[in-house]
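[1] Sequence below, structure please.
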Amino acid sequence: MKLIILDRDGVINHDSDAYIKSLDEWIPIPGSIDAIARLSKAGWTVAVATNQSGIARGYYDLATLEAMHARLRQLVAEQGGELGLIVHCPHGPDDGCDCRKPRPGMLHQIAAHYGVALHGVWFVGDSSGDLEAALAVDCQPVLVKTGKGGRTLGKPLPDGILIFDDLAAVADQLTLED
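    Predicted coordinates:
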């Protein structure tokens, strides 16, 4: 199985320091939906692991989050692709869970769901927490410059990080290799 795992906010859709609280605020980054569809059509299983502390903070509810993910799935399907498992962490940063990135709990959930090892699986994110989660489970950390990626590039980065302009560039690379 060819598996790729994506962060959501800042990788697939525009991010906001004020949180993405409604379906109207959930706006795909240009090229991201097509990128997911192209990966899917090239035989990749595309999963998503996303921190959603806005639920714990009371900014939106689970039904709103599910509506965002239903819209994401619909848009990918309209491009002829399929989106795999989406896992989310609803906890706040001080809740002590093991799923909130930079902890790798969501990545373990995805691995268990698909029955695969995470060694070398690309995990695409835009934050230091995404990169740390990837490294914790021996995934290949991939940083995109969208979302918080520009800020993350300004920090010291661990060795071995792959850097791309956006998710479309990641898809270009992976579909070129096929």
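[2] rest of the way, CA atoms for contacts and neighbours
    Fine.
[3] quick one: buried residues of the worst-scoring helix or strand of the chain on mean pLDDT?
    The helix or strand of the chain with the poorest confidence is helix 167-177; it has a mean of 93 (mean pLDDT, DSSP states H and E). By 16 or more other Cα atoms under 10 Å, the buried positions in helix 167-177 come out as 167, 168, 169, 170, 171, 175.
[4] Check stretch 15-24 too.
    Quick answer for stretch 15-24 (16+ other Cα under 10 Å): 15, 20, 21.
[5] And the contacts of the helix ranked longest in the chain?
    As assigned by DSSP state H, the longest helix anywhere in the chain is helix 62-78. For helix 62-78, contacts defined as Cα atoms under 8 Å, 6 or more residues apart in numbering pick out 21, 22, 23, 26, 33, 34, 36, 37, 55, 82, 83, 86.
[6] What separation is there between the fifth one and residue 122?
    For residue 33, the distance to residue 122 under the criterion Cα to Cα, to the nearest Å works out to 18 Å.
[7] So for the two, which sits in the more crowded spot?
    The neighbour count for residue 33 versus residue 122, taken as other Cα atoms under 10 Å, is higher for residue 33 (24 against 20).
[8] For the chain, give me the ranges with low pLDDT.
    Along the chain, segments meeting pLDDT under 70 span 177-178.
[9] so which strand or helix has residue 142?
    Using DSSP states H and E, residue 142 falls within strand 140-144.
[10] Can you list the neighbours in contact with the longest strand along the chain?
    For the chain, the longest strand by residue count, based on DSSP state E, is strand 44-51. Applying Cα under 8 Å, 6+ apart, the contact partners of strand 44-51 are 1-9, 36, 39-40, 82-91, 100-101, 106-107, 110.
[11] Isn't residue 13 up against residue 29?
    Yes. Assessed by Cα atoms under 8 Å, residue 13 is found in contact with residue 29 at 4.8 Å.
[12] Surely residue 36 touches residue 83?
    Yes. Taking contacts as Cα under 8 Å, residue 36 lies within contact range of residue 83: 7.4 Å.
[13] Those two: which has the busier surroundings?
    residue 36 (31 against 22).
[14] Which ones among the contacts of helix 62-78 map onto strands?
    Per DSSP E, those map to strands at residue 86.
[15] Using JSON lines, please lay out the contacts of helix 62-78 together with distance to residue 149.
    Below are these laid out as JSON lines (distance: Cα to Cα, whole Å):
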{"residue": "21", "distance to residue 149": "21"}
{"residue": "22", "distance to residue 149": "23"}
{"residue": "23", "distance to residue 149": "23"}
{"residue": "26", "distance to residue 149": "18"}
{"residue": "33", "distance to residue 149": "18"}
{"residue": "34", "distance to residue 149": "20"}
{"residue": "36", "distance to residue 149": "19"}
{"residue": "37", "distance to residue 149": "22"}
{"residue": "55", "distance to residue 149": "23"}
{"residue": "82", "distance to residue 149": "26"}
{"residue": "83", "distance to residue 149": "23"}
{"residue": "86", "distance to residue 149": "21"}
